[in-house]
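**Q** Quick check, what structure comes out for this input:
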Amino acid sequence: MLRGPRAIFKRDFKKFLSTPVLIISSLLIPVMYLVLFGSAIGGALTHVPVGVVQEAPPYNDTPLFTSAAYQLNHISQGSNNDAEKLLDVTVYTDEAVAKQDLNNGKISAVIVFPSSVSNDNAVRVYVDSSDSVTPPVIVAAVNSILQSLGAHNPVTVDDIYGDITYIQFFGVGVIVMAIFSSTSFGGGIALIKDRENGIHEGYLVTPVKRSSIVLGIISSGTVRACIAGFVIFWIDLLATGITLQSFQDFLLVLLVIFVISVGVTSFVVSFATRFSSQQEYGPVIAFFNITLFMTSGAFYPVIAMPGWLRWITVINPEYYGISALRSIVLKNQGLNVIWMDLVALIIFSSLMIIIGVVTFKRTLE
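**A** Prediction:
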């Protein structure tokens, strides 16, 4: 009675032991959850870029402005000597220039000190409110410094993008998640499934070039990913109550979704060309899905991640996609701000397409 189940058990367990990728992934993925999720969520903010400026006229710096600017630039996270700075302070001489840099995303806040020494004049703090983590930390730092200096000036806070809720902050990241999920289960698995069925090998005796196969699969995966991203984008708008400011913003969102789709699909397809079975591909692509999404800033601001984790975002296409979408959807910013994100995605996509074509050729030779 037990002979049949025992035989099936032996067969499946031997398959498991004969697949090192599956063994390593089953152990590595939980560890990556622990390390990445634990490090990326709830970390301490460090090196937050802020600007300080004094009202004008008069044009002479007051003792409050000079002392506060110095103290703000030397606040550290923690009490030991190795603690990192909380704020990176840039001193401005023109309030309008400082606010322009804030609107363009170069700094996270502008702190305006009064030109009078009177305690009745307020210290104005303009903060980038697109995330709910950074503004309270900056305001708390300003209050702490004023208290330490014995200044009793009131502090007024202006959330320049309004009250952004966490679901609105996170909802943008879900768009990129939908794109990755669509292309990993579509383009990647479709390529491997065709290979398992011997379809690609059949192309070797036809006029179709191997590069055409990869480009065709990337094109098909991109279309599916764009549809998935576009649908989730509309669901995100309905669920979070976000409204776009203009038709130009809508067109920019479509452009970003398309560029993200090309980049992520190119990565998944170029990666899938290295595998010959879905059993090996599945756990590995799941590992990359976790790594990229956790370090993209979808859950928590990248600026709050430890330094070693921030470096991953430099080569993470999802980070640039989420950054561009947040700039448009939450901040009403345009091409003058997101162009660097688009360039990074285009460079990444081009590299992945080249790697995919080269790798695919080698696996068939």
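**Q** pLDDT weak spots in this structure?
**A** Along the chain, the model assigns pLDDT under 70 to residues 1-43, 58, 77-83, 117-119, 186-188, 190-191, 194-211, 360-365.
**Q** Now do the strands in it.
**A** Assigned by DSSP state E, the strands in the chain fall at 48-54, 87-91, 109-113, 123-127, 155-159.
**Q** hey, which of these is tucked in deepest?
**A** Mean neighbours per residue, mean count of other C-beta atoms under 10 Å, is largest over the strands of the chain for strand 109-113, with a mean of 25. (C-beta placed from N, C-alpha, C; glycine too.)
**Q** how many other residues sit next to Gln278?
**A** Using other C-beta atoms under 10 Å, Gln278 is surrounded by 15 other residues.
**Q** out of the strands of the chain, nearest to Tyr70?
**A** For Tyr70, the closest of the strands of the chain is strand 87-91, at 8.5 Å, according to C-beta to C-beta.
**Q** Run the angle between that closest one and strand 109-113 for me.
**A** Angle, strand 87-91 to strand 109-113, by axes from the mean of the first three to the mean of the last three C-alpha atoms, to 10 degrees: 60 degrees.
**Q** if we can go back for a sec, dump the strands of the chain into a markdown table; add distance to Thr62 as well.
**A** What follows is the strands of the chain, written out as a markdown table (distance: least, C-beta to C-beta, whole Å):
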| stretch | distance to Thr62 |
| --- | --- |
| strand 48-54 | 7 |
| strand 87-91 | 13 |
| strand 109-113 | 7 |
| strand 123-127 | 12 |
| strand 155-159 | 16 |
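**Q** Any idea which of those strands gets closest to Ala68?
**A** Between the strands of the chain, strand 109-113 lies closest to Ala68; by C-beta to C-beta that is 6.3 Å.
**Q** What helices and strands are in contact with the closest one?
**A** strand 48-54, helix 63-72, helix 95-103, strand 123-127, helix 134-148 (3 or more C-beta pairs under 8 Å, 6 or more residues apart in numbering; DSSP states H and E).
**Q** Please name the strands paired to that strand in the sheet, noting orientation.
**A** Taking DSSP bridges as the criterion, strand 109-113 sits next to strand 48-54 (parallel), strand 123-127 (antiparallel) in its sheet.
**Q** Show me the helices in the stretch 101-250 of the chain, by range?
**A** All helices of the stretch 101-250 of the chain, identified by DSSP state H, counting those that start in this stretch, fall at 134-148, 166-183, 189-196, 199-202, 210-240, 247-272.
**Q** For stretch 272-280, buried residues please.
**A** Residues 272-275, 280 are the ones in stretch 272-280 that count as buried (16 or more other C-beta atoms under 10 Å).
**Q** Tell me the one of those nearest Asn104?
**A** Ala272 (38.2 Å).
**Q** Looks like that closest one contacts Ile192 (just checking).
**A** Yes: in this structure, Ala272 is within contact of Ile192 by C-beta atoms under 8 Å, at 5.7 Å.
**Q** residues shared between the contacts of those two?
**A** Counting by C-beta atoms under 8 Å, 6 or more residues apart in numbering, the common neighbours of Ala272 and Ile192 are Tyr281.
**Q** Which strand residues bridge Val155?
**A** Applying DSSP bridges to Val155 yields these beta-bridge partners: Val123.
**Q** For it, give its distance to Phe247.
**A** Going from Val155 to Phe247 by C-beta to C-beta, to the nearest Å gives 38 Å.
**Q** Equivalent analysis for Ile260, please.
**A** On the measure of C-beta to C-beta, Ile260 and Phe247 end up 20 Å apart.
**Q** quick one, which of the two is more surrounded?
**A** Ile260 (31 against 8).
**Q** My guess is that one contacts Gly321. True?
**A** Yes: look at Ile260 against Gly321 with C-beta under 8 Å: they come within range, at 3.8 Å.
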